[in-house]
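1. Only the shape, not the letters, is given here:
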Ligand SMILES: Cc1cc2nc3c(=O)[nH]c(=O)nc-3n(C[C@H](O)[C@H](O)[C@H](O)COP(=O)(O)OP(=O)(O)OC[C@H]3O[C@@H](n4cnc5c(N)ncnc54)[C@H](O)[C@@H]3O)c2cc1C
């Protein structure tokens, strides 16, 4: 790490210890999201790390973003994914938005005053995202949206929503991307999901009932929506990898510390070789996931859009998070299964990382597709 990165990590560590960590146990229980924490992350510059300075970002790299997310995730996966998804929305606006759209929407997002949400999934189309049914019918001066979106991270607390809707025929080429703002007529929030993990990150259904969206809110051109969504997910998968690495590292830290303090059979449980081997495996998997994730981020920063590596990083890091958090609970024994210790929350937070931004089965499809391209 360079000097700037060390400083960045130290300031996040301090912020999380003072402002996030003390709330996590009861906020997880109460499913509470605190906007002020997101605003404060914005004051530290963490909500627009990779965006250009002219739009209020820090103009830093994806490696820097991954370092920040890894650190936030050690305290809270919920706030880390809120930052990750909002940054993904900003990168969509920055890559595909026109100058007016960038000037209008980016500064509030980069500063952390507002949150962005990415809206692709629908109840019948998750992995098969190009089968989405929400429609955007062209009308005078804009489009009329009808339909609903499911499982939208930051639904209800976000202000800017990038919504994929169908302007054309069936399939990927009939999909367009729109900027929809909180409060637009005909745009309502549906039910808030009750979840196993990520409980401080609200996940909601969005409902569009004859919602008029002005033509100026179309991103790029009609029919570009699926390309926009997939290119965003290529970046999002790297950042989800970083979140998973942070979570795994924290679970490992807690497990080793506990094993050194807990005595059974008149010795610290750390002394049992059965547990030592388990922790050695955990540490190795965490490090392997970290190396893969940062390699994917580095290649992205270098302008090599390495789809295969991004999928590998997401799959490896999130499978590791699931394994390592489960083992951390095991090492804690009975107390690990209670909310007295944070490891049970880590295990619940890990599970959904294997599902979002393309399930890990979908990542295998992507990796295999890239292998076919390479070898054919
Ligand atoms: C907490 C949370 C937050 C989310 N946030 C967002 C968000 O912000 N924006 C958004 O758009 N979406 C979001 N999602 C939705 C998420 O992206 C989808 O849940 C995910 O893509 C999987 O879709 P699905 O749930 O419909 O599962 P399905 O697609 O129905 O999959 C069910 C199972 O079948 C497997 N499967 C499906 N197709 C194949 C195949 N071809 N080969 C092998 N196996 C396959 C899957 O891997 C999975 O195991 C979120 C979901 C959750 C739970």
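-> Structure's in. What do you need? Predicted, not measured: the structure shown is a model, and the values here were computed from it.

2. Please count neighbours and contacts with C-alpha atoms only from this point.
-> Will do.

3. Quick check, central residue of this protein?
-> Nearest residue to the geometric centre of the chain (C-alpha atoms, centre = their mean): residue 81, 3.7 Å.

4. contacting residues around that residue?
-> Residue 81 is in contact with 201, 240, 243, counting by C-alpha atoms under 8 Å, 6 or more residues apart in numbering.

5. Name the helix or strand for the nearest residue to the second one once chain neighbours are set aside, please.
-> Residue nearest to residue 240 in three dimensions, not counting chain neighbours: residue 314, with 6.3 Å by C-alpha to C-alpha, 6 or more residues apart in numbering. Assessed by DSSP states H and E, residue 314 sits inside helix 307-332.

6. And that helix, what does it pack against?
-> Applying 3 or more C-alpha pairs under 8 Å, 6 or more residues apart in numbering; DSSP states H and E, one finds that helix 307-332 makes contact with helix 225-261, helix 273-301, helix 343-353, helix 360-375.

7. Could you point out which of those helices sits nearest residue 193?
-> Residue 193 sits nearest to helix 343-353 of all the helices and strands packed on helix 307-332, at 13.2 Å, using C-alpha to C-alpha.

8. Provide the contact partners of that closest one at residue level.
-> With C-alpha under 8 Å, 6+ apart as the test, helix 343-353 has contacts from 77, 196-198, 240, 244, 247, 251, 254, 318, 321-322, 325-326, 328-329, 336-339.

9. before we move on, what about stretch 243-256?
-> In this structure, residues lying in contact with stretch 243-256 by C-alpha under 8 Å, 6+ apart are 66, 69-75, 77, 80-81, 270, 279, 282-283, 286, 289-290, 317-318, 320-321, 324-325, 328-329, 331-332, 343, 346, 350, 353.

10. near the ligand too, which of those?
-> Contacts with the ligand are made by none of the contacts of stretch 243-256, judged by C-alpha under 6 Å from any ligand atom.

11. Just give the closest residue to whichever residue of the stretch 201-350 of the chain sits closest to the ligand, not the sequence neighbours.
-> Closest residue of the stretch 201-350 of the chain to the ligand, C-alpha to the nearest ligand atom: residue 203 (5.9 Å). Using C-alpha to C-alpha, 6+ apart and skipping the chain neighbours, the partner closest in space to residue 203 is residue 153 (4.6 Å).

12. Relative to residue 351, how far out is that neighbour?
-> Distance from residue 153 to residue 351, counting by C-alpha to C-alpha, to the nearest Å: 16 Å.

13. Need the three-state assignment for residue 60.
-> coil (DSSP: H, G, I helix; E, B strand; the rest coil).

14. who's in contact with it?
-> Contacts for residue 60 (C-alpha under 8 Å, 6+ apart) come out as 49-52.

15. residues from the protein in reach of the ligand?
-> Residues of the chain lying close to the ligand by C-alpha under 6 Å from any ligand atom are 118-121, 125-127, 151-153, 203, 352, 355-359, 361-362.

16. repeat that for 8 Å
-> Within reach of the ligand by C-alpha under 8 Å from any ligand atom, the chain has these residues: 85, 117-129, 149-155, 195, 197-198, 203, 352, 355-362, 365.

17. Restricted to helices, list those residues.
-> If you go by DSSP state H, the residues of the chain next to the ligand have 85, 352, 360-362, 365 in helices.

18. ok, those vs the ligand, which is closest?
-> Proximity of these to the ligand (C-alpha to the nearest ligand atom) peaks at residue 361, which lies at 4.4 Å.

19. what sits against that closest one?
-> For residue 361, the contact set (C-alpha under 8 Å, 6+ apart) is empty.

20. coming back round to it: quick check: mean pLDDT across whichever strand or helix holds the residue nearest to the centre of the chain?
-> Assigned by DSSP H and E, residue 81 belongs to helix 77-96. On average, the pLDDT along helix 77-96 is 98.

21. what's the answer for stretch 306-318, then?
-> In this model, stretch 306-318 has an average pLDDT of 96.

22. Then stretch 153-166?
-> Stretch 153-166 shows a mean pLDDT of 98.

23. that older thread, more neighbours: residue 153 and residue 351, which one.
-> Shown here are residue 153 and residue 351; by other C-alpha atoms under 10 Å, residue 153 has more neighbours (23 against 20).

24. That one reaches residue 82, doesn't it?
-> Yes - the pair residue 153 / residue 82 is scored as a contact, 7.3 Å apart, by C-alpha atoms under 8 Å.

25. so what's in contact with those two at the same time?
-> The contact lists of residue 153 and residue 82 share residue 201, where a contact means C-alpha under 8 Å, 6+ apart.
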